[in-house]
Every structure is written in C-alpha cells, then in structure tokens.
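A.B. asks: Got a sequence here, can you model it:
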Amino acid sequence: EMTKFGLSGSLEEALPVARRYALLLYGQKKKVDGHPCTNLDELRYTLASTTDLSAANLPPTEDAFQQHVLRALYQTAVWRHSHLAKPLLWNPVGRGWRLREDGCIEPVMFQKAPAPKEVRDITHLYCKDGNCNDATKCQCLSVGLTCTEFCSCPFPDCPNMTNFVTDDNVDE
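C.D. replies: This next block holds a predicted model:
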C-alpha cells in the first residue's frame with residue numbers, strides 16, 4: 001500500500017496506511033480494553049499512563065501526525081515529478097504548510113492543543129526541593145510553569161505560585 005503513497009494526494013487514502021505503519025513502529029500491541037490501539041491518540045495515552053516514557057518518546061497526536069502526513073504527501077509528489085522539466089505541483093498551503101505574512105511558507109505542526117493545559121502542566125513535572133526562587137532547583141520555574149499542589153514547595157505561599165485559585169477564593 002505504501003508504494004502508491006503520494007500518487008493521488010488524497011489524505012483520506014494515505015492516512016489509514018500511514019497510521020497503521022506508525023502504530024506498528026510505536027508498538028500497536030499495547031492494549032486498550034483488551035484490544036490493540038487503533039489510533040495514535042489511544043496509543044499515546046496508553047504509553048503515557050502505563051510506562052515512564054518521556055513525552056519526546058511518545059507517538060505524535062493524531063492531529064500532529066495528520067499534518068506530517070500532509071507534508072509527506074506533498075514532498076512525495078515533488079519527488080515523483082522530479083523527472084519532469086516543468087512539473088505541475090499542488091499548492092503546499094493547506095497541505096501541512098501555511099503562508100507567513102512575509103510570503104514564506106512554514107510547516108503546520110498541529111492544529112489542536114497537544115493536551116489540556118492542566119495535564120501538560122503536571123505531567124512528569126513537579127519540583128522536589130522546595131526552593132522555587134532558583135530555576136536550577138525548581139523544575140517548574142525552569143520551564144516557565146507555576147508550581148502546583150503536587151510540588152514540595154510551601155504551597156500555597158510559594159513564590160512561583162502566581163494567580164493560583166483555591167476553593168476559598170472562587171466567586172460563585
């Protein structure tokens with residue numbers, strides 16, 4: 001099926017084939033409710049919740065993968081027509097690329113948020129030392145995040161706790 005990749009430029013044709021390939025690369029045999037994962041979001045969640053893999057080693061989200069497949073389809077079409085003197089190529093905009101204000105194109109990495117903000121803020125990241133004035137000792141501060149109740153800092157009086165909302169100060 002991969003031998004026809006890029007011939008039609010159809011995402012609907014290419015995405016299922018590319019997804020099956022990516023699932024196999026990342027270990028599709030991981031199970032959700034006794035069944036193999038059928039999409040990258042399921043596999044990403046399963047691996048994140050059952051292993052200690054860093055986010056860099058998890059599969060991409062379905063959204064990010066779709067953008068990558070669009071760019072790969074475009075590039076494959078360029079290569080397949082490289083033997084022609086004046087190839088008729090698709091417009092890359094909308095095929096995993098966007099047009100910047102300066103007229104250059106840039107890749108679209110994803111269109112949706114990679115995860116809810118609350119999950120991104122606490123996943124594998126919390127300070128252990130309690131010294132939240134020093135970015136070398138506070139992982140949260142070092143990446144520009146505020147500390148959470150899971151940290152060992154003096155919650156809620158931590159200097160890295162800006163705009164924190166507790167049940168006591170929520171207006172109903």
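A.B. asks: going forward, measure contacts and count neighbours with C-alpha atoms only.
C.D. replies: OK.
A.B. asks: so where's the longest helix in the chain?
C.D. replies: Among the segments of the chain that qualify as a helix by DSSP state H, the longest is helix 62-80.
A.B. asks: Let's see it as CSV, backbone CA atoms only.
C.D. replies: C-alpha atoms of helix 62-80 as CSV (Å, rounded to 0.1, in the frame of the first residue of the first chain):
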residue,chain,number,x,y,z
GLU,A,62,-3.4,12.2,15.6
ASP,A,63,-3.6,15.9,14.8
ALA,A,64,0.2,16.3,14.6
PHE,A,65,0.5,13.1,12.6
GLN,A,66,-2.1,14.2,10.1
GLN,A,67,-0.1,17.4,9.5
HIS,A,68,3.0,15.4,9.0
VAL,A,69,1.3,13.0,6.5
LEU,A,70,0.0,16.1,4.6
ARG,A,71,3.6,17.4,4.3
ALA,A,72,4.9,13.9,3.4
LEU,A,73,2.3,13.6,0.6
TYR,A,74,3.4,17.0,-0.8
GLN,A,75,7.1,16.1,-0.7
THR,A,76,6.4,12.7,-2.2
ALA,A,77,4.6,14.3,-5.1
VAL,A,78,7.5,16.7,-5.6
TRP,A,79,9.9,13.7,-5.8
ARG,A,80,7.6,11.7,-8.0
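A.B. asks: what packs against the helix or strand harbouring residue 106?
C.D. replies: Following DSSP states H and E, one finds residue 106 within strand 105-107. Contacts defined by 3 or more Cα pairs under 8 Å, 6 or more residues apart in numbering; DSSP states H and E place strand 105-107 against strand 97-99.
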